[in-house]
Each structure stands twice: as structure tokens, then as C-alpha cells.
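Student: here is my input; please provide its structure:
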Amino acid sequence: MVFSNNDEGLINKKLPKELLLRTFAQNCRNIEHLNLNGCTKITDSTCYSLSRFCSKLKHLDLTSCVSITNSSLKGISEGCRHLEYLNLSWCDQITKDGVEALVRGCRGLRALLLRGCTQLEDEALKHIQNYCHELVSLNLQSCSRVTDDGVVQLCRGCPRLQALCLSGCGSLTDASLTALALNCPRLQILEAARCSHLTDAGFTLLARNCHDLEKMDLEECILITDRTLTQLSIHCPKLQALSLSHCELITDDGILHLSNSPCGHERLRVLELDNCLLITDVALEHLEHCRGLERLELYDCQQVTRAGIKRMRAQLPHVRVHAYFAPVTPPTAAGGGGPRLCRCCVIL
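Tutor: Numbering: from 1, shown residues only. Predicted coordinates for the structure are as follows:
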């Protein structure tokens, strides 16, 4: 049985949601999938009702239920022991104590989303690795207190991990990538946007050990160079989506290696190169070999021209190219000079 907060007819909006959901829990004891995303007035008492009456719950989405606390997780752990998916994104009252209570009772968790749970720190990850050995997907976006120590512990206890989001965990270094490489060979998705301390050395080791990588978000990993692309092109033939936006050391040569690789020829669907200032029209010529490419982002690639995009699209007419050509301001001249040219954002 599946229930969503959008299901009209199931919710009498004239009733307080707390009372309604308590009544719902009492009368729908076979519920397995419950979506309460955005129900901001829900409190811990709702979760206690679910714990008491809905022992068959497998999938629970509490995104942005900002009033719930660690007490909710304690209740869930006691009554919903079959839980496999839990989304607690932006529930910013949750701390390591709540995570410990949760994972002690819900050891079969396969997906745990903790985006924006800004109070979480390394101790929370140590609790997860102690109890959640079946974990496949973990999202820690904007959990800025997390450090390498927590990620290393997590990887050692969760070898089945396939998807990990570390975006916004700005203190992480190559030690985290090393732990992933040595412990999580099934990794398919890595999101590490704004992790500005990560380098080619870490991604080289990751690529050489995690051959199933399909999606990588490396936006603002400002230290990486073409070497990372070379290693991905050699060792990661399943790569389908790659974001390199604001990676300003990437050049046409890196794109050449990527486009000539098995993933470039067969799998690559999305490539984001916004603010890659060294990329030129030569890179677009290389990308003509990527016959499966569906979307290309080129905002503020100052050396890419309209003519270059047009030539590429003649070879790949199905690809969506998003580009921005900044206004051109002519040199200051006596008498005011000529008119300013403004070429606006275009989808080509």
C-alpha cells in the first residue's frame, strides 16, 4: 500500500494533520510506502503513531518535516524495523544521537538521505557503519561538519555502497576518495560538488578501483586537471553523466581523452563544462565522437563560439547545448566609442 501527501480524497484538509495521520496509521496498518514530503507541521507524535501501528513500513519520506527531532527516530527504530528507505533531508534538528537510535533498530536500511542535516558529524557516520551493512545509498549533501575520519569509517562498514553524495562537505580530502576506492568497489554515483580539496591523485585511485561509476558531479573540484579525465576514460567505461563545471584547469586535451574512450563513444549522455575557461571549439570537435551525447552545458566558456557549437550540432543534431555568451564591452575610446554588444543566454 502506498500513500502520498498529494493524494486528494485521502486527506480531509479541515482536520489537523496530526490527528488525521494518527487516524490514518491506526486504520492503514499494511502501509509500506508513505510520502510526507513538505508536511512541515508534523511532529514527533506522528512518528510515534507510525511506529505503533505501521510495522510494515519500508519506504518513508520525511523531507522538510522540520519539527521532528531525535525522538522521532527513536520511535521509528522501535516499531518500523523493516524500513529500507528513509529520507530525512532538511530535518535540521536531527543529531548523531538520533541517527544512532535509528540504525540500532533499522539495520536493513538500504537508502538514507540526510541532506541539510547540518548538525550531523563524524560520530553519526560511525553509527551507520556499525549497523547498516546493507546500505546502498547515502546522501550527506551540506553536512559540512563531516570530515575524512567519518567517511573513512563509513566506507569500511558499508562495502555495498553504490551512491554517495558528499556535495558541500568542504573539508574532505583525498583520504575520503582513497577509502571509497579501497572499500566500495560497487560505487556507481559520486557527487562531490564544492569539495575543493580533492585532487587528481584521489580520483586516479578511485577510477582504478571503481569501474562501475556512471554519474559523477565534480563541480568546483578546482584542483583536478586533465589527468582525472584520462583515468576516468581508461577505467570507467560505464560513465554516463559528468559535471566538471568550474573546474578551470580542464582543457581540450582532457575532453579528447574522454571522447575517444569507450564511455565517450557509447555511454556518455550528459557533460557539464560551465566556466571551464580553457575549453575551446576544439573540444567540441572532439565531442562529435560522442554519438550518445544528449546534453552539453557550456555557460561562460569564453573561448567557445557560436560557430563551433553550430558545427558540432551539424554532426549531433539531437544534442541540447546550453550556452551563455557574455556581453562584449568594447575598449574605452575618446568620444564614447561604438555601441555595446549584448548576446544573451541561448539554448542552441
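Student: neighbours of residue 76, how many?
Tutor: Using other C-beta atoms under 10 Å, the number of residues around residue 76 comes to 27. All C-beta atoms are positioned from the backbone trio N, CA, C, and that covers glycine.
Student: quick one: pLDDT of it?
Tutor: Looking at residue 76, its pLDDT reads 97.
Student: what about the closest residue to residue 233 other than its chain neighbours, how many residues close to it?
Tutor: Sequence neighbours aside, residue 261 is the residue nearest to residue 233 in space, at 3.4 Å (criterion: C-beta to C-beta, 6 or more residues apart in numbering). Using other C-beta under 10 Å, residue 261 has 23 neighbouring residues.
Student: touching, residue 261 and residue 234? I think so.
Tutor: Yes - Residue 261 lies in contact with residue 234 (C-beta atoms under 8 Å); the separation is 6.9 Å.
Student: buried ones in stretch 50-70?
Tutor: By neighbour count on 16 or more other C-beta atoms under 10 Å, the buried set for stretch 50-70 is 50-55, 57-66, 68-70.
Student: re earlier: please report how far the residue nearest to residue 233 lies from residue 254.
Tutor: With distances taken as C-beta to C-beta, to the nearest Å, residue 261 is found 11 Å from residue 254.
Student: give me the contact list for whichever strand or helix holds residue 233.
Tutor: Assessed by DSSP states H and E, residue 233 sits inside helix 226-235. Applying C-beta atoms under 8 Å, 6 or more residues apart in numbering, the contact partners of helix 226-235 are 200, 203-204, 207-208, 211, 213, 216, 218, 239, 242, 244, 249-251, 253-255, 257-258, 260-261, 263-264.
Student: any figure for the gap between residue 250 and residue 64?
Tutor: Residue 250 sits 35 Å away from residue 64, going by C-beta to C-beta.
Student: residue 104 too?
Tutor: With C-beta to C-beta as the criterion, residue 104 and residue 64 are 25 Å apart.
Student: which parts of the stretch 101-250 of the chain are strands?
Tutor: Ranges of strands in the stretch 101-250 of the chain, per DSSP state E, counting those that start in this stretch, are 111-113, 137-139, 163-165, 189-191, 215-217, 241-243.
Student: now the fifth one: mean pLDDT?
Tutor: If you average the pLDDT over strand 215-217, you get 98.
Student: can you list contacts of stretch 297-305?
Tutor: Applying C-beta under 8 Å, 6+ apart, the external contacts of stretch 297-305 come out as 243, 245, 271-281, 283-284, 309, 321-324, 326, 345.
Student: in the stretch 1-150 of the chain, which ranges drop under the pLDDT threshold?
Tutor: Scanning the stretch 1-150 of the chain with the threshold set as pLDDT under 70 gives 1-17.
Student: what segments of it are helices?
Tutor: All helices of the stretch 1-150 of the chain, identified by DSSP state H, counting those that start in this stretch, fall at 17-27, 44-53, 70-79, 96-105, 122-131, 148-157.
Student: chain neighbours aside, what residue packs nearest to residue 102?
Tutor: Residue 102 sits nearest to residue 73 (C-beta to C-beta, 6+ apart), 4.1 Å away.
Student: for residue 75, what are its contacts?
Tutor: Taking C-beta under 8 Å, 6+ apart as the test, what residue 75 contacts is 44, 47, 48, 50, 51.
Student: turn these into TSV, including distance to residue 159.
Tutor: Formatted as TSV, the contacts of residue 75 follow (distance: C-beta to C-beta, whole Å):
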residue	distance to residue 159
44	34
47	30
48	34
50	31
51	30
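Student: closest one of those residues to residue 23?
Tutor: residue 50 (12.3 Å; C-beta to C-beta).
Student: would you agree that closest one is in contact with residue 57?
Tutor: Yes - taking contacts as C-beta under 8 Å, residue 50 lies within contact range of residue 57: 6.4 Å.
Student: need the residues touching each of the two.
Tutor: Jointly contacting residue 50 and residue 57 under the rule C-beta under 8 Å, 6+ apart are 34, 80.
Student: how about the helices in the stretch 201-348 of the chain?
Tutor: 226-235, 252-259, 262, 281-287, 306-315.
Student: nearest to residue 149, of those helices?
Tutor: The nearest among those, by C-beta to C-beta, is helix 226-235 at 24.2 Å.
Student: distance from the chain centre to that closest one, please.
Tutor: Offset of helix 226-235 from its chain centre (C-alpha atoms, centre = their mean, to the nearest Å): 21 Å.
Student: could I get that helix in PDB with only the CA atoms?
Tutor: Extracted C-alpha coordinates of helix 226-235, given in PDB (Å, rounded to 0.1, in the frame of the first residue of the first chain):
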ATOM      1  CA  ASP A 226      43.000  16.500 -17.500                       C
ATOM      2  CA  ARG A 227      44.700  13.700 -15.600                       C
ATOM      3  CA  THR A 228      41.400  12.900 -13.800                       C
ATOM      4  CA  LEU A 229      39.700  12.700 -17.200                       C
ATOM      5  CA  THR A 230      42.400  10.400 -18.600                       C
ATOM      6  CA  GLN A 231      41.900   8.000 -15.700                       C
ATOM      7  CA  LEU A 232      38.100   8.000 -16.000                       C
ATOM      8  CA  SER A 233      38.400   7.400 -19.700                       C
ATOM      9  CA  ILE A 234      40.600   4.400 -19.200                       C
ATOM     10  CA  HIS A 235      39.000   2.700 -16.200                       C
END
